[in-house]
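J.: below are the sequence and a predicted model for it; my questions follow.
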Amino acid sequence: MMADEHTVKIPQHRHCRRCGKAFVGEGFYCSDECKDADGQEAKRKLYRYIAAIAVLWAVVIVAVVVVGL
């Protein structure tokens, strides 16, 4: 017996970037809900990054002012 006799062929598909579900079609997401949720998460990460940079700059400025006195 050959191994190919028991192999199940599946259609060409992609996996959703958000949930990992297999889907047939274009794009990176299986649904608009996954696309929107991933966009919201990206915005939250960007805001956290911007806040962290702002805090870092504030600490640097305070350190320069304190050391400069």
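T.: That came through fine.

J.: now the strands: where do they sit in this structure?
T.: Applying DSSP state E to the chain gives strands spanning 14-15, 22-23.

J.: Ile61 is nearest to which of these?
T.: Each of the strands of the chain has some distance to Ile61 by CB to CB; the shortest is strand 14-15, at 45.2 Å. Quick note: C-beta positions are derived from backbone N, CA and C, even for glycine.

J.: list the pairing partners of that closest one within its sheet, with orientation.
T.: Under the criterion DSSP bridges, strand 14-15 sits next to strand 22-23 (antiparallel) in its sheet.

J.: low-scoring stretches of this protein, by residue?
T.: Low-confidence segments of the chain, defined by pLDDT under 70: 1-4.

J.: go again using 50 as the cut-off
T.: Along the chain, segments meeting pLDDT under 50 span 1.

J.: where along it do the helices fall?
T.: Using DSSP state H, the helices of the chain run over 32-68.

J.: I'd like the strands of the chain as a markdown table, with distance to Tyr47 and mean neighbour count appended.
T.: Formatted as a markdown table, these follow (distance: least, CB to CB, whole Å; neighbours: other CB atoms under 10 Å):
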| stretch | distance to Tyr47 | mean neighbour count |
| --- | --- | --- |
| strand 14-15 | 28 | 14 |
| strand 22-23 | 30 | 13 |
